[in-house]
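Trainee: Any chance you could fold what I've pasted below:
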Amino acid sequence: MRHLPALGLAALCLTVSVSALAQSQANLSALRGLAAVARLPQSPAGQAALAANLTVTGDIQSGAAKQPTLLPFAEQRLLALKDCFITDGNATQLADGLGTRIGEAYQAKARYADHKTFTSVSPALAKLIGYTNNVTKSDSNAGKYFFANATQDGKTPVSEEATAILANGAVTDVFGRAYGRPAGTPGSDAFGNARPVQTLPVLTAYRGEDYFGHPSHSLDWLRGPNQNLTDSPSFPSGHTTYGTTESMLLAILVPSRYRQMVVRAAEYGNDRIVVGAHYAMDVIGGRATSLHALAHLLANDPAYVGQIRVNPAVLDPASADTTKTVSLSDYPAVVKAARAELDAFVAQTCGADIAACAAQDQSRFKDEAANAAFYASTQTYGLPVVHPETAGKTEDVAALAPEAGHLLTAAFPELSLAEANRILTETQGPGGGFLDDGSEFGVYARLNLYEAAGKAATLVASRRNGAAPAR
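Mentor: Just a heads-up that it's a prediction; the model follows:
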């Protein structure tokens, strides 16, 4: 393990290009919600939050924060190195949250033979993963350069509608400016919002194995050759968006493991801080971006469904074709089909009902108290209040973001949308965070899905009165 001055790593930098997608109405909705980050320099509270963001990030990255991680910190670092790879085609690296029995069966069926070749569990699940991942990733990617230098890809100007989002004193390159690494300066990002590997006074670099078990180093995923983030703006975290999206899909499809999958999502995002790729604010932003888009998908919002999207999910190696597309006109119907296929797969491989299989767990997710403590530590990361008008206030989820309840009803269909939104309101996390500005999007930054799922499951179980075991 090495402790390296971040500025001294600049000589290792190589540039990479990221293709831009045209901004859709869904993208613009996410940008409006995330834009609160661009106004942080306007107020003393925002400036204090920015300072805390760097400190918290550095403490987590070095281990000084002593987070209640599910693994001893040395082991968590090694998992963070493996989590640098993204299994976006089949969600298999996240499936360990499904428990020992189901998780092992899922990962045996859905595999990555190499960086591009993978298999899927079932057709409907592949379709669901492909479309959902593309939608949420598009929203996350739209924010990268927009908040770095108000462009689509570093160079292409954004639309007038997007430009208007940055009115009223909002600025770009918030992190670069705040941490002494403005865009284009030595050791920084060429476009803006330099990453922790470029701004932390000291970065802890270490060796381990990658997702495939090959010898690796954390710098391989920060400076290359595996992934070069030198000119990849930090906010929001794309890895966190992916990890939250696909963990949530598995949570919805296997409600008995909902809470554990929510914890796996939190762990995956947190691992981006551990490895030195992202700030705490990036992770919170990526999580909110994912949940916001997923809720709109589950609500069959026309701005999110019925489109032709590039589909990264395939059924077998022979069909791996990056030009394949997928379109969903009825998102809940595909969720239902994917659940039926996954239920059948589990029944075939486990030989017992799904609840019984889900209960077979000797993994790091078996301890409910540990799960709750870790998840709570990632809700706000202890960042100070920026919006006092929402701090200490219970926000009515049904009034601000009525579609949010679908995040629960999709897994627990016995609940009405009103009941689900009431549960989300009653269990929401601390208010006043940097994104919690009273907007619809801000609601997603403070949802506590771990507590909400527990309350939903208890309510549903009480109504079944001895009916068949829950999934």
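
Trainee: hey, let's count contacts and neighbours off CA atoms from now on
Mentor: Fine.

Trainee: pretty sure Thr230 contacts Asp220?
Mentor: No. Counting by CA atoms under 8 Å, Thr230 stays clear of Asp220, with 11.6 Å between them.

Trainee: of those two, who's got more company?
Mentor: Thr230 (25 against 18; other CA atoms under 10 Å).

Trainee: So, low pLDDT: which residues of the chain?
Mentor: Per-residue confidence for the chain (pLDDT under 70) gives these ranges: 1-22, 311-323, 465-471.

Trainee: hey, where'd the strands end up in it?
Mentor: Secondary structure of the chain (DSSP state E): strands at 2-5, 202-205, 207-209, 215-217, 308-310, 325-327.

Trainee: Need those in JSON lines (columns: distance to Gln25).
Mentor: Converted to JSON lines, the strands of the chain look like this (distance: least, CA to CA, whole Å):
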{"stretch": "strand 2-5", "distance to Gln25": "41"}
{"stretch": "strand 202-205", "distance to Gln25": "38"}
{"stretch": "strand 207-209", "distance to Gln25": "40"}
{"stretch": "strand 215-217", "distance to Gln25": "39"}
{"stretch": "strand 308-310", "distance to Gln25": "15"}
{"stretch": "strand 325-327", "distance to Gln25": "17"}
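
Trainee: Highest mean neighbour count out of those?
Mentor: Neighbour counts (mean count of other CA atoms under 10 Å) averaged over each of the strands of the chain peak at strand 202-205, with a mean of 21.

Trainee: and that one, which strands flank it?
Mentor: Partner strands for strand 202-205, per DSSP bridges, with pairing direction: strand 2-5 (antiparallel).

Trainee: Nearest to Ala124 among the strands of the chain would be which one?
Mentor: Distance to Ala124, taken as CA to CA, is lowest for strand 325-327 among those, at 11.1 Å.

Trainee: Give me the packing partners of the closest one, helices and strands only.
Mentor: In terms of contacts (3 or more CA pairs under 8 Å, 6 or more residues apart in numbering; DSSP states H and E), strand 325-327 is packed against helix 123-149, strand 308-310.

Trainee: Within its sheet, name the partner strands of that strand and how each one runs.
Mentor: Strand 325-327 has the following strand partners under DSSP bridges: strand 308-310 (antiparallel).

Trainee: Show me which residues of stretch 139-157 are buried.
Mentor: Neighbour counts over stretch 139-157 (16 or more other CA atoms under 10 Å) mark 139-154 as buried.

Trainee: got it, and stretch 63-73?
Mentor: Those would be Gln67, Pro68, Thr69, Leu70, Phe73, for stretch 63-73 by 16+ other CA under 10 Å.

Trainee: Show me what it is in contact with.
Mentor: Contact partners of stretch 63-73, identified using CA atoms under 8 Å, 6 or more residues apart in numbering, comprise Val56, Asp59, Ile60, Gln76, Glu267, Arg364, Phe365, Ala370, Asn371, Ala373, Phe374, Ser377.

Trainee: any idea how far Leu98 is from Asn270?
Mentor: Leu98 is 19 Å from Asn270, where distance means CA to CA, to the nearest Å.

Trainee: residues near Val283, how many?
Mentor: 31.

Trainee: Which residues are in contact with it?
Mentor: Counting by CA under 8 Å, 6+ apart, Val283 makes contact with Pro236, Ser237, Thr240, Gly269, Asn270, Arg272.

Trainee: rewinding a little: let's have the buried residues of stretch 63-73 in JSON lines, adding distance to Val263.
Mentor: What follows is the buried residues of stretch 63-73, written out as JSON lines (distance: CA to CA, whole Å):
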{"residue": "Gln67", "distance to Val263": "14"}
{"residue": "Pro68", "distance to Val263": "12"}
{"residue": "Thr69", "distance to Val263": "10"}
{"residue": "Leu70", "distance to Val263": "10"}
{"residue": "Phe73", "distance to Val263": "16"}
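
Trainee: Go through those residues and flag which are in helices.
Mentor: Phe73 (DSSP state H).

Trainee: for the buried residues of stretch 63-73, which one is nearest Glu426?
Mentor: For the buried residues of stretch 63-73, the nearest to Glu426 is Pro68 (24.8 Å; CA to CA).

Trainee: What separation do you get for the closest one and Thr132?
Mentor: Distance of Pro68 to Thr132, computed by CA to CA: 31 Å.

Trainee: How about Gln428?
Mentor: Gln428 sits 25 Å away from Thr132, going by CA to CA.

Trainee: that older thread, Leu98 and Asn270: who's more crowded?
Mentor: When neighbours are counted by other CA under 10 Å, Leu98 comes out ahead of the other of Leu98 and Asn270, with 31 against 28.

Trainee: Verify the contact between the more buried one and Arg259 for me.
Mentor: No. When contacts are counted by CA under 8 Å, Leu98 is not listed as touching Arg259 (9.8 Å).

Trainee: Out of the strands of the chain, which is closest to Tyr279?
Mentor: Each of the strands of the chain has some distance to Tyr279 by CA to CA; the shortest is strand 202-205, at 12.7 Å.

Trainee: next one: the closest one to chain centre, how far?
Mentor: Put simply, strand 202-205 sits 24 Å off its chain's centre (CA atoms, centre = their mean, to the nearest Å).

Trainee: got the contact list for Asp96?
Mentor: Applying CA under 8 Å, 6+ apart, the residues near Asp96 are Gly103, Glu104, Gln107, Ser363.

Trainee: any idea how far Ala108 is from it?
Mentor: Per CA to CA, Asp96 is found 11 Å from Ala108.

Trainee: again, but for Gly276
Mentor: Separation of Gly276 from Ala108 (CA to CA): 30 Å.

Trainee: Comparing those two, which shows the higher neighbour count?
Mentor: Set Gly276 next to Ala108 and count neighbours by other CA under 10 Å: Gly276 wins out with 26 against 13.

Trainee: which ones are touching the more buried one?
Mentor: Each residue near Gly276 by CA under 8 Å, 6+ apart is listed here: Gln61, Arg195, Pro196, Val197, Leu203, Thr204, Leu222.

Trainee: what's the nearest residue to Glu389 if we skip its chain neighbours?
Mentor: Spatial nearest neighbour of Glu389, excluding adjacent residues (CA to CA, 6 or more residues apart in numbering): Gly432 at 7.0 Å.

Trainee: Tell me who's in contact with that neighbour.
Mentor: Contacts for Gly432 (CA under 8 Å, 6+ apart) come out as Val385, Val386, His387, Pro388, Glu389, Thr390, Ala391, Gly392.
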